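[1] give me the fold of what follows.
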Amino acid sequence: MLGAVFTLIFVIGSILVTSLIYLAINPRSVNVEGEGADLRYIGFALVLIILSAATIGAMLMLGKAHNALG
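    Take a look at the predicted model:
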């Protein structure tokens, strides 16, 4: 049961990280200029770092739970 929870967290984190990468590199948003766009990219980068760390943490916990079972 615990493995399923970590698997779900990993899948959701992977989807969020992938969608944030798409939003950050979206060609339509690259054409926007100004301070607001810079702050937006900094915000995307910070959220991406946090989500990536959480996703990797879930993956490590999933591996640890898998090794404990097998």
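[2] what number of residues lie near Leu51?
    Other residues within reach of Leu51 by the criterion other C-beta atoms under 10 Å amount to 19. No exception for glycine: its C-beta is placed from N, CA and C like everyone else's.
[3] quick one: the most centrally placed residue in the chain from Leu69, how far?
    Geometric centre of the chain, nearest residue: Val17, 2.9 Å, by C-alpha atoms, centre = their mean. Computed with C-beta to C-beta, to the nearest Å, the distance linking Val17 and Leu69 is 27 Å.
[4] go through stretch 17-25 and flag the buried ones.
    Across stretch 17-25, burial judged by 16 or more other C-beta atoms under 10 Å covers Val17, Leu20, Ala24.
[5] just the ones in helices from these, please.
    Residues of the buried residues of stretch 17-25 located in helices (DSSP state H): Val17, Leu20, Ala24.
[6] any chance of the buried residues of stretch 17-25 in JSON lines, with distance to Val47 and pLDDT too?
    Output for those, formatted as JSON lines (distance: C-beta to C-beta, whole Å; pLDDT from 0 to 100):
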{"residue": "Val17", "distance to Val47": "9", "pLDDT": "79"}
{"residue": "Leu20", "distance to Val47": "6", "pLDDT": "75"}
{"residue": "Ala24", "distance to Val47": "9", "pLDDT": "72"}
